[in-house]
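S.K.: turn this into a model:
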Amino acid sequence: MPAPAPLTVHPDRLLPADPTVRGIARSLYEHTKSLPIISPHSHVPADWLSTNEPFADPTHLLLQPDHYALRLLHANGADLSDLGRGPGGFAPLAEEAARRAWRILCENYHVFRGTPVKYWFDTTFAEVFGVSRAPSAQTADALYDEIAAALTTPEFRPRALFERFGMSVLATTDDPLDDLSAHAALAADGTFTGRVLPTFRPDRFLEPARADWPDLVRRLGEVSGVDTGDYRGYVAALENRRAYFKAHGAVSSDHSHADAGTEPLEAGEAAVIYAAALAGEATPAQATAFRRHMVHEMARMATEDGLVMTLHPAVRRNHDPRTFAEYGPDTGADIPTSVEFTHALQPLLGRFGNHPDFTLVVFTIDETVYSRELAPMAGFYRSMHVGVPWWFLDAPDAIRRFRGAVTETAGFYRTSGFIDDTRAFLSIPTRHDMARRLDAGYLAGLVAEHRLSEDEAHAVALDLVTTIPAKVFKL
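M.R.: A predicted model of the protein is given here:
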């Protein structure tokens with residue numbers, strides 16, 4: 001069997017193929033490539049940075065939390081249990097189990113060809129770890145050993161990587177019941193100068209159709225110190241927790257539901273549905289109406305406490321019931337659905353769309369709505385911005401399509417700045433670098449077509465990385 005080809009990443013990767021446009025893109029990319037990373041939406045656990053403990057092993061760090069990798073390996077025949085997933089999530093494995101999962105990744109590395117997963121892995125291996133072995137059946141153990149050895153060194157502790165990656169802001173995603181002790185520890189630690197901010201994620205508390213919703217509401221009352229026995233108390237408890245999060249540095253709240261509905265209810269009707277839901281007697285239609293009402297209420301609260309509201313609806317969570325029953329969520333079995341925004345957001349935007357203290361960032365995995373719905377709305381409402389491609393769309397061709405679909409109607413300054421949306425900590429610089437290269441390529445095309453001057457393109461490239469995300473997320 002021939003030896004595997006060495007692992008390499010090209011310095012012009014993702015830049016335009018046309019030599020003239022590529023030259024302009026190189027100049028634009030050089031202007032932004034070393035700028036600090038602002039990551040206003042990620043899923044990296046804050047305690048990784050607060051404890052600063054060494055990462056357990058390559059599998060635990062690079063494979064187990066990455067649902068992009070898990071889903072494709074599963075689709076090509078790997079069992080999730082062999083990849084280190086269990087009902088409790090992705091706890092560290094015994095060494096032989098970790099090596100077995102790693103071998104599966106390397107033996108099947110070819111299935112990632114043409115996907116952003118391979119791009120992220122290749123760049124992480126080459127630029128973060130400095131390895132030259134391409135993953136394969138022959139190199140799996142040696143690659144594991146090389147990365148495992150690096151993880152034992154001080155340079156690969158979480159805080160050292162945070163600084164090495166040039167991260168200025170990292171926002172986590174947190175449950176309203178969280179005491180945010182890891183964030184408090186980081187804020188009090190004078191040796192850590194980065195900003196790690198919590199994000200208020202109340203989805204499960206707004207969904208009375210959940211079987212565990214009455215218990216969740218009870219626990220919300222306990223944590224907030226507010227009686228949630230009635231609707232008024234429930235709203236007050238949510239407001240209390242939003243204030244707690246803001247006091248611990250939060251700048252945004254994050255929301256994902258089955259649709260984008262925001263139709264408000266009369267207070268009396270909301271109270272009736274709330275009481276029925278607590279008793280387990282709310283109908284599905286009532287539960288949906290209450291959830292849409294509470295998304296509207298989240299916007300109302302945002303005008304009062306200033307938290308930026310991010311909305312990313314229309315994902316069918318845990319599509320495979322057997323996988324969910326055996327392994328729980330976040331295994332790669334969440335599937336996008338179509339979504340309608342124009343009518344769904346009208347109640348919210350009609351009330352708050354031009355409010356001076358409200359900021360709404362709307363994301364989607366349904367590309368059909370970018371030019372038809374989101375760009376026109378963001379091109380009118382002062383409060384609204386279009387979220388850049390994320391999740392299934394945070395890939396080179398999708399990002400190029402996004403810029404083409406949105407820019408002519410909403411421009412660059414009604415978008416959010418890049419969002420990495422990942423638990424895969426070491427892929428964050430690679431993902432942001434990808435976005436900077438792609439934006440440089442898009443801007444270079446406008447320069448080559450004489451639609452922008454080169455000075456204007458440089459200004460936009462800089463703003464996309466710094467000014468825009470800082471302004472949108474009030475940083």
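S.K.: C-alpha from now on. contacts and neighbour counts both.
M.R.: OK.
S.K.: and stretch 201-212, how far from the chain's centre?
M.R.: Centroid separation for stretch 201-212 versus its chain: 20 Å, with CA atoms, centre = their mean, to the nearest Å.
S.K.: got the end-to-end distance for that stretch?
M.R.: Terminal residues of stretch 201-212 lie 17 Å apart, using CA to CA, to the nearest Å.
S.K.: how about residues contacting it?
M.R.: Applying CA atoms under 8 Å, 6 or more residues apart in numbering, the external contacts of stretch 201-212 come out as 173-176, 213-214, 216-217, 253-257, 274, 277, 282, 284, 287-288, 290-291, 294-295.
S.K.: so where's the chain shaky on pLDDT?
M.R.: The model of the chain has pLDDT under 70 over residues 1-4, 88-89.
S.K.: okay, which residue is most central for it?
M.R.: residue 421 (1.7 Å; CA atoms, centre = their mean).
S.K.: out of the contacts of stretch 201-212, which end up buried?
M.R.: 173-176, 213-214, 216-217, 253-257, 274, 277, 282, 287-288, 290-291, 294-295 (16 or more other CA atoms under 10 Å).
S.K.: where helices are concerned, which of those residues count?
M.R.: Mapping the buried ones among the contacts of stretch 201-212 onto helices (DSSP state H) picks out 213, 214, 216, 217, 274, 277, 287, 288, 290, 291, 294, 295.
S.K.: from residue 403, how far out is the last one?
M.R.: Going back to what we said before, that points to residue 295. Where residue 403 is concerned, residue 295 sits at a distance of 28 Å (CA to CA).
S.K.: could you do residue 320 as well?
M.R.: 33 Å.
S.K.: more crowded one of these two?
M.R.: A count of neighbours by other CA atoms under 10 Å puts residue 403 above the other of residue 320 and residue 403, at 22 against 13.
S.K.: quick one, what contacts the more buried one?
M.R.: residue 442.
S.K.: near residue 469, how many other residues are there?
M.R.: 21.
S.K.: same question, residue 335
M.R.: There are 14 residues near residue 335, going by other CA under 10 Å.
S.K.: which strand residues bridge it?
M.R.: With DSSP bridges as the criterion, residue 335 is bridged to residue 316.
S.K.: how about the secondary structure of residue 405?
M.R.: Using DSSP: H, G, I helix; E, B strand; the rest coil, the structure places residue 405 in helix.
S.K.: and it, how far from residue 389?
M.R.: From residue 405 to residue 389 the distance is 12 Å (CA to CA).
S.K.: neighbour count for the two, which is higher?
M.R.: Using other CA under 10 Å, the more surrounded residue of residue 405 and residue 389 is residue 389, with 28 against 19.
S.K.: ok, back up a step: is it true that the residue nearest to the centre of the chain touches residue 393?
M.R.: No: counting by CA atoms under 8 Å, residue 421 stays clear of residue 393, with 11.2 Å between them.
S.K.: the nearest residue to the residue nearest to the centre of the chain once chain neighbours are set aside: what's it in contact with?
M.R.: Nearest non-adjacent residue to residue 421, counting by CA to CA, 6 or more residues apart in numbering: residue 42, 4.3 Å away. Residues near residue 42 by CA under 8 Å, 6+ apart: 170, 171, 172, 173, 419, 420, 421, 422, 423.
S.K.: and if you look at residue 108?
M.R.: Residue 108 touches 73, 136, counting by CA under 8 Å, 6+ apart.
S.K.: the stretch 201-350 of the chain: helices as residue ranges?
M.R.: Remark: helices assigned in the stretch 201-350 of the chain by DSSP state H, counting those that start in this stretch are 213-224, 231-247, 267-278, 284-305, 321-327, 346-352.
S.K.: what packs against the helix or strand just after the last one?
M.R.: Yep, that's helix 346-352 we're talking about. Sequence-wise, the next helix or strand downstream of helix 346-352 (DSSP states H and E) is strand 360-362. Contacts defined by 3 or more CA pairs under 8 Å, 6 or more residues apart in numbering; DSSP states H and E place strand 360-362 against strand 308-311, strand 384-386.
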